[in-house]
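Trainee: Just a sequence and a predicted model for now, questions to come.
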Amino acid sequence: MHLIDILTIVLAGLMVGNELTVSLFINPVMWKLDAGAQAKALSLFAGILGRVMPFWYGLCLILFLIEAVVHRGEPGFYPLVAASILWAAIIVFTIVWLVPINNRVAALAEGAPLERWLPEHRRWDRLHRVRILLLLVALVLATHALLQCGR
């Protein structure tokens, strides 16, 4: 297995792990906080993740595309293309639906009324679970493909 293959699997795997952590651990803890603390914590998380994640998503897509080019003609080529297309679709899904919600949550003031941001956070959480499922499928496709190409 080549270094680029390992880097691709690790970075995409860490991305999926990060998104799972948000859904499985961070958000359930957030729901247990009082409204003021929840608004503040969500604003902080939304701000920092909103700055970092676009670069991480983009880097993973670039790596998937490089892998598809490098491995064209090999057994794993089509799953790599599928993973690349799915990853690009996830980015579009994120930009169209999740980023606007994230931006509104990040801009929340600590004293914002619960009824203003709670529905936004619940909606983001539901859409985020869809994104996690799609990310997991893309990761499995890419990992399977790269293992096939490494034989």
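Mentor: It's in.

Trainee: only C-alpha atoms for contact and neighbour calcs from this point on.
Mentor: Will do.

Trainee: Leaving out the residues flanking it, which one is nearest to the residue nearest the centre of the chain?
Mentor: Closest residue to the average C-alpha location of the chain: E19 at 5.3 Å, with Cα atoms, centre = their mean. Leaving aside its chain neighbours, E19 sits nearest to I132 (6.4 Å; criterion: Cα to Cα, 6 or more residues apart in numbering).

Trainee: Would you map the strands across this protein?
Mentor: Applying DSSP state E to the chain gives no strands.

Trainee: the bottom helix or strand of it by mean pLDDT?
Mentor: Counting by mean pLDDT, DSSP states H and E, the chain has its least confident helix or strand at helix 99-106, which shows a mean of 84.

Trainee: Could you tell me how far it lies from the centre of the chain?
Mentor: How far helix 99-106 lies from its chain's middle: 15 Å, per Cα atoms, centre = their mean, to the nearest Å.

Trainee: Over to stretch 88-107?
Mentor: 10 Å.

Trainee: can you check stretch 16-26 too?
Mentor: With Cα atoms, centre = their mean, you get 9 Å for stretch 16-26.

Trainee: so how many other residues sit close to the residue nearest to E19?
Mentor: 19 (other Cα atoms under 10 Å).

Trainee: residue contacts, it?
Mentor: V16, E19, L20 (Cα atoms under 8 Å, 6 or more residues apart in numbering).

Trainee: Would you format those as TSV with distance to P54 included?
Mentor: Shown next, in TSV, are these (distance: Cα to Cα, whole Å):
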residue	distance to P54
V16	14
E19	13
L20	17
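
Trainee: which one of those residues is nearest E67?
Mentor: V16 (18.4 Å; Cα to Cα).

Trainee: list the contacts for that closest one?
Mentor: Taking Cα under 8 Å, 6+ apart, we find V16 in contact with I132, L135, L136, L139.

Trainee: so which of those residues is the most crowded?
Mentor: Neighbour count (other Cα under 10 Å) singles out L139 as the most crowded of the contacts of V16, with 26 neighbours.

Trainee: Where do the helices of this structure begin and end?
Mentor: Taking DSSP state H as the criterion, the chain contains helices spanning 3-21, 27-32, 35-70, 77-93, 99-106, 114-149.

Trainee: looking at these, which is buried most?
Mentor: helix 77-93 (a mean of 20; mean count of other Cα atoms under 10 Å).

Trainee: List of residues touching that one?
Mentor: For helix 77-93, contacts defined as Cα under 8 Å, 6+ apart pick out 57, 61, 64-65, 67-68, 71, 131, 134-135, 137-139, 141-142, 144-146.

Trainee: Fine, thanks again, bye for now.
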